[in-house]
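Asker: for reference, the sequence and a predicted model appear below.
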Amino acid sequence: MNENAGLVRQAEWFAQELENLLTAVLGARETPYTGVPVGVDNRGEESFLIRQADPEGVPLTVDGRPLLRLAYRFRCTCSNPVNELQVEDSGISLRAEADAEPMFHYDYVRSVRGTIPAAHINVHASNDSATKAMLACGAKAQGRNRRREFVQRGFFPTFSSLHFPVGGDRLRPGLEDVLQMAVYEFGIDTEGGWLDVIEESRERYRETQLRAFVREFPDIAFGELRSGGYLNGDTVVRPERVGRPSRLKRY
Amino acid sequence: MTEVLPVANAHRIGSPVMLAKEDVADRRNQIEAKYGTADELRRTRDFIGLTLEQRIALEDLEDLEFLEGR
């Protein structure tokens, strides 16, 4: 039996999850939102690419007319002992229909090099103050390196090259957040019940991250449970939060 | 991860397509023949920016780099 058969199915299910989310939020259409995953077996280590089907991005419409394009890609591997597919790096971006450059992109890099935060956002905008500050770092390496890049390669530091940290590995934004932002900020067309779908998907994602946190930090989880008096019985009942939205669902 | 079935009206995505090394190399060669290498595209991006086609080509090349384990 191929020990990695599970990874192939996991990649398929992950892609299906994305398709289900987009269909429920944006509506059904003739062609899929998500492309069939592509994989390579590198001597027993499999890698998978899951992204939107249309290279130009998923059209997000307002009153039926395309306003934005949503792009997402998840590059996945498995390097953990429990044979679970994990995201090695990912990108979610929005761009205006008429522009080649994205407005912003949320990126995640598991094995980050240098000083870039694992989960970050790049915003494609102009900000003269930021650019001046990026060049005027004095004798620090950042300033020297940028000035050298400009002189040698003509690369002018731009606001979009700044990496703004967003939540680290476990608390990074997901596709649900970008979709909800597109609804709230740009009024994109949606299906009825879209918010419930997004909140349920977000809740599943955050629950997965929470479980991972507990596995990684059982001492903290145990301490909290003990101080909350939860360790005396056989079961734990989640406390009610009357009038307060679940933090697993909240935007 | 538990099995995920298509919800109402959603397309079924299906099993991944597994590429051989030769397939990846062919795809890269096709893209590079038209748009240049990933490094060349990155230099163009940093210098003057990319067209949408060039941006897509760079993303595709970076995807292929990932699939190859580079």
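Answerer: Looks like it came in fine.

Asker: list the contacts of the residue nearest the centre of chain B.
Answerer: Geometric centre of chain B, nearest residue: B:Asp60, 2.5 Å, by Cα atoms, centre = their mean. B:Asp60 sits next to A:Pro55, B:Arg27, B:Ile31 when contact means Cβ atoms under 8 Å, 6 or more residues apart in numbering or on different chains. All C-beta atoms are positioned from the backbone trio N, CA, C, and that covers glycine.

Asker: going by distance to A:Phe14, which of the residues you listed wins?
Answerer: The closest of those to A:Phe14 turns out to be A:Pro55 (Cβ to Cβ; 19.6 Å).

Asker: what about A:Gly192, neighbour count?
Answerer: By the criterion of other Cβ atoms under 10 Å in any protein chain shown, A:Gly192 has 9 neighbours.

Asker: can you verify it is assigned to a helix?
Answerer: No. Under DSSP: H, G, I helix; E, B strand; the rest coil, A:Gly192 sits outside any helix and is assigned coil.

Asker: quick one, what contacts it?
Answerer: Counting by Cβ under 8 Å, 6+ apart, A:Gly192 has no contacts.

Asker: what's the distance between it and chain B?
Answerer: A:Gly192 is 13 Å from chain B, where distance means Cβ to the nearest Cβ, to the nearest Å.

Asker: secondary structure element for the residue of chain B positioned farthest from its centre?
Answerer: Within chain B, the residue lying farthest from the chain centre (Cα atoms, centre = their mean) is B:Ala8, at 29.4 Å. For B:Ala8, there is no helix or strand it lies in under DSSP states H and E.

Asker: leaving out chain neighbours, which residue sits closest to B:Val24?
Answerer: B:Leu64 (5.4 Å; Cβ to Cβ, 6 or more residues apart in numbering or on different chains).

Asker: tell me the SS of that neighbour?
Answerer: Classified using three-state DSSP, B:Leu64 is helix.

Asker: residues near it, how many?
Answerer: As a burial measure, B:Leu64 scores 22 neighbours (other Cβ under 10 Å).

Asker: surely it touches B:Gln30?
Answerer: No. Assessed by Cβ atoms under 8 Å, B:Leu64 is found out of contact with B:Gln30, at 10.5 Å.

Asker: now A:Glu88, what are its backbone angles?
Answerer: Backbone torsions for A:Glu88, taken as degrees, to the nearest 10, come to phi -90, psi -40.

Asker: wouldn't it be in contact with A:Arg73 here?
Answerer: No. Using Cβ under 8 Å, A:Glu88 is not in contact with A:Arg73; the gap is 11.0 Å.

Asker: for the stretch 151-251 of chain A, which segments are assigned as strands?
Answerer: Using DSSP state E, counting those that start in this stretch, the strands found in the stretch 151-251 of chain A span residues A:164-165.

Asker: which element is the residue of the stretch 51-200 of chain A found nearest chain B on?
Answerer: Nearest residue of the stretch 51-200 of chain A to chain B: A:Ala100, at 3.9 Å (Cβ to the nearest Cβ). If you go by DSSP H and E, A:Ala100 is not part of any helix or strand.

Asker: can you check the pLDDT for it?
Answerer: A:Ala100 is assigned 94 on the pLDDT scale.

Asker: isn't it right next to B:Thr51, touching?
Answerer: Yes. Using Cβ under 8 Å, A:Ala100 makes contact with B:Thr51 at a distance of 5.5 Å.

Asker: looking at the two, which has the bigger crowd around it?
Answerer: Neighbour count, other Cβ under 10 Å: between A:Ala100 and B:Thr51, A:Ala100 has more, with 15 against 12.

Asker: hmm, back to that, for the residue nearest to the centre of chain B, what are phi and psi?
Answerer: The phi and psi values for B:Asp60, taken as degrees, to the nearest 10, are phi -60, psi -40.

Asker: if I look at it, how far off is A:Glu84?
Answerer: Distance from B:Asp60 to A:Glu84, counting by Cβ to Cβ, to the nearest Å: 27 Å.

Asker: what of A:Gly192?
Answerer: 34 Å.

Asker: and chain B, which of its residues are near chain A?
Answerer: By Cβ under 8 Å from any Cβ of the partner chain, the residues of chain B that approach chain A are B:1-7, B:9-21, B:24, B:43, B:46-47, B:49-52, B:55-56, B:59-60, B:63, B:66-69.

Asker: in a strand, that's where A:Ser93 is, yeah?
Answerer: Yes. Per three-state DSSP, A:Ser93 lies within a strand segment.

Asker: that one and A:Ala100 touch, don't they?
Answerer: No. With contact defined as Cβ under 8 Å, A:Ser93 does not count as touching A:Ala100 (11.7 Å).
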